[in-house]
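**Q** I would like to see how this sequence folds:
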Amino acid sequence: MKQIPLGRTGLTVSELCLGSMTWGSQNSEAEGHAQIDRALERGINFIDTAEMYPSPPDAATAGRTEEIIGSWLAASGRRDEIVLASKITGAGSGAIPGGPPISPERLVQAVDDSLRRLRTDVIDLYQLHWPNRGSYHFRQYWSYDPSGQDRAATVAHMMEVLETVQSLIEAGKLRHFALSNETAWGTAMWLRLAEENGLPRAQSIQNEYSLLCRQFDTDLAELSVNEDMPLLGYSPLAAGLLSGKYAGDVTPEGTRRALNATLGGRVTPQVFEAVAGYMRIAVRHGLDPCRMAIAWARSRPFTNIPIIGATTLEQLETNISGVELALAPEVQEDIAAVNRALPMPY
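**A** You can find the predicted model right below:
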């Protein structure tokens, strides 16, 4: 497994990140531990979680995934081998009572709670799960309207967060700060305020990115390259759609769709046409569709570290092996043709 720089942190991470959001719902504690063990065997040293996991979010299970990681860390004694990322939940989440927005007080409490559940003294990369002001992510771009935003209030909030993060870094509780589900303007403003005020720099951005979801390809891609800010691309298989297991609009037992019928709004009348297009490419070139999707995600003209998830070790092995595949030019051309024909299938 290739090891690559994580932005300007000085940390080196694997070219894939192990996602954990099924642990505690679709996966048991033992299965979560087995996935960590297998990932480490295959060279992955980067794990991502969040205080609200497992997903779908539920107040009854929030924090369980961090507890599973924490029990593995306590039993294994291998904390130094892991680059550990977590997130504070944004405003409006049902996973946190009252759905509070991110604030200095909330940030301090969330970090302390995550450290306790993770059974560690420090989190290597701490991310804002989504911004208080909202964004176009989670299929919200169809009605996205930033006209009601209060710029001065947003900037003041960003300064409060950066100052609080600085105090948490100085206390030894966090190493680095990062973003998730952010926009180009929001990311640029976080970077500007940090640089102008000598505050912690956002080191990465975790946004959805797959063959079916490519909002990152334009302005954010340019920002990513010029600011050394890697993408941690979540849902590289589009919640399993790109595996083909839901083709024909079916819901196999035990899958994520059995818990979330629309896969968070990804199931639309046109999505299966796009999936069929990519499945045809895989068949035409003799490729596993999951491996193809992950190989494509790693081939982009900016640093993208796909966050891979799985409910079985077999799925995990297939996804990990995607980084061993180099897509031929004709495969890339076929992929580009489907994207031009069906650029926003959900």
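**Q** could you measure the closest residue to residue 233 other than its chain neighbours against residue 56, distance?
**A** Leaving aside its sequence neighbours, residue 233 sits nearest to residue 209 (Cβ to Cβ, 6 or more residues apart in numbering; 3.3 Å). Where you see a C-beta, it was placed from the backbone N, CA and C, and this is true even at glycine. Separation of residue 209 from residue 56 (Cβ to Cβ, to the nearest Å): 20 Å.
**Q** neighbour-wise, which of those two wins?
**A** Of the pair residue 209 and residue 56, residue 209 is the one with more neighbours under other Cβ atoms under 10 Å, namely 25 against 15.
**Q** ok, now which ones touch that one?
**A** Taking Cβ atoms under 8 Å, 6 or more residues apart in numbering as the criterion, residue 209 is in contact with 216, 231, 233-236, 297, 304, 306.
**Q** Repeat that for residue 42.
**A** Each residue near residue 42 by Cβ under 8 Å, 6+ apart is listed here: 1, 317, 320.
**Q** next SSE after the strand or helix carrying the last one?
**A** Assignment of secondary structure by DSSP states H and E places residue 320 within helix 313-320. Past helix 313-320, further along toward the C-terminus, the next helix or strand under DSSP H and E is helix 329-341.
**Q** Could you turn the buried ones of the contacts of residue 209 into a ChimeraX selection?
**A** Buried subset of those, written as a ChimeraX selection, criterion 16 or more other Cβ atoms under 10 Å:
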select :216,231,233,234,235,236,297,304,306
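**Q** Closest one of the contacts of residue 209 to residue 181?
**A** Closest approach between the contacts of residue 209 and residue 181, by Cβ to Cβ: residue 234, at 9.1 Å.
**Q** Give the closest residue to that closest one in space, chain neighbours not counted.
**A** residue 307 (4.6 Å).
**Q** Would you check that the one you found makes contact with residue 232?
**A** Yes - assessed by Cβ atoms under 8 Å, residue 307 is found in contact with residue 232 at 5.7 Å.
**Q** okay, and the common contacts of these two?
**A** 17, 48, 206.
**Q** Dump the residues you listed into CSV; add pLDDT as well.
**A** Output for those, formatted as CSV (pLDDT from 0 to 100):
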residue, pLDDT
17, 99
48, 99
206, 98
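**Q** buried ones in stretch 239-257?
**A** Applying a neighbour-count criterion of 16+ other Cβ under 10 Å, one finds 239-246, 255-257 buried in stretch 239-257.
**Q** go on, stretch 149-163?
**A** Quick answer for stretch 149-163 (16+ other Cβ under 10 Å): 154, 157-158, 161-162.
**Q** Tell me the one of these nearest residue 180?
**A** Using Cβ to Cβ, residue 161 is the member of those that lies nearest residue 180, at 13.2 Å.
**Q** what residues are up against the nearest residue to residue 284 once chain neighbours are set aside?
**A** Here the nearest residue to residue 284 in space, its sequence neighbours aside, is residue 334; by Cβ to Cβ, 6+ apart that works out to 7.2 Å. Residue 334 sits next to 281, 284-285 when contact means Cβ under 8 Å, 6+ apart.
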